[in-house]
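Peer 1: Provided below for reference: sequence and predicted model.
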Amino acid sequence: PTGKVEREIALEQVKKIGHRLKEKKFDVLYTRTGPFGPSLYERAPFAFKNKADLFISVHYNSAADGVNPYKIRATETYYYNRPGKKLGEIIHPEIIKETGLKNGGLKYGDLAVCRNNAVPSILLELDYIIIPSAEEQIRTNEFQNKIAEAVTQGVLKYFRLSE
């Protein structure tokens with residue numbers, strides 16, 4: 001609504017998540033640190049090539065023409081395979097708990113960034129950027145810090161359960 005594009009807001013969010021994970025002594029790799037980076041199809045292989053332990057792709061949703069985004073507004077997490085589902089089962093509830101957003105569920109998705117058989121991978125659709133009040137909220141430090149904390153807590157739980 002304000003003209004700020006999803007990739008800009010998503011990158012702000014990812015940097016906050018990365019910062020929080022680094023505080024917990026995780027090594028963090030970014031597929032991009034500026035406005036443009038590898039294509040969606042190159043991102044999952046990037047995680048594999050760099051021997052990542054997991055891959056999280058952060059996005060903000062929109063709605064198809066003719067669909068009322070207010071009626072479908074919710075936070076969703078997508079996975080492609082069993083390792084991604086396990087990761088999503090841990091991180092998704094943390095996001096709902098921390099933000100209080102409507103739970104759109106953990107869903108199977110045949111998405112390029114999730115199709116990584118070697119690295120547990122998920123795609124987060126945190127909120128609907130096309131809704132003015134949602135955009136206003138997701139651009140606040142308070143909201144971004146809540147997401148960063150939720151993802152960090154989920155990652156910590158994931159590795160504790162995987163030990």
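Peer 2: Structure's in. What do you need?

Peer 1: From now on I want contacts and neighbour counts done on CA atoms only, so please keep to that.
Peer 2: OK.

Peer 1: list the buried ones in the least confident helix or strand in the chain by mean pLDDT?
Peer 2: In the chain, no helix or strand scores lower on mean pLDDT, DSSP states H and E than helix 40-49, which sits at a mean of 88. Across helix 40-49, burial judged by 16 or more other Cα atoms under 10 Å covers 43-48.

Peer 1: ok, now which ones touch the closest residue to residue 22 other than its chain neighbours?
Peer 2: Distance criterion Cα to Cα, 6 or more residues apart in numbering; nearest residue to residue 22, sequence neighbours excluded, is residue 28 at 6.7 Å. Neighbouring residues of residue 28 by Cα atoms under 8 Å, 6 or more residues apart in numbering: 18, 21-22.

Peer 1: For residue 95, which residues are in contact?
Peer 2: Contacts of residue 95 by Cα under 8 Å, 6+ apart are 146-147, 150-151.

Peer 1: name the element it belongs to?
Peer 2: Taking DSSP states H and E as the criterion, residue 95 maps to helix 82-99.

Peer 1: After that helix, which helix or strand is next?
Peer 2: With DSSP H and E, the next secondary element past helix 82-99 is strand 103-108.

Peer 1: So what's the gap between the helix or strand following that next one and the chain middle?
Peer 2: Later in the chain than strand 103-108, the nearest helix or strand by DSSP H and E is strand 121-128. Distance of strand 121-128 from its chain centroid, counting by Cα atoms, centre = their mean, to the nearest Å, is 4 Å.

Peer 1: can I get the CA coordinates of strand 121-128 in PDB?
Peer 2: Below are the C-alpha coordinates for strand 121-128, written out as PDB (Å, rounded to 0.1, in the frame of the first residue of the first chain):
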ATOM      1  CA  SER A 121      13.400 -26.100   4.400                       C
ATOM      2  CA  ILE A 122      10.400 -24.000   5.100                       C
ATOM      3  CA  LEU A 123       8.800 -20.900   3.600                       C
ATOM      4  CA  LEU A 124       7.100 -18.500   6.000                       C
ATOM      5  CA  GLU A 125       4.200 -16.300   4.800                       C
ATOM      6  CA  LEU A 126       4.100 -14.100   7.800                       C
ATOM      7  CA  ASP A 127       1.200 -11.800   7.000                       C
ATOM      8  CA  TYR A 128      -0.600 -10.100   4.100                       C
END
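
Peer 1: count of residues packed around residue 151?
Peer 2: Here the number of neighbours of residue 151 (other Cα atoms under 10 Å) works out to 24.

Peer 1: hang on, it packs against residue 16?
Peer 2: No: the criterion here is Cα atoms under 8 Å, and residue 151 misses it with residue 16 at 10.3 Å.
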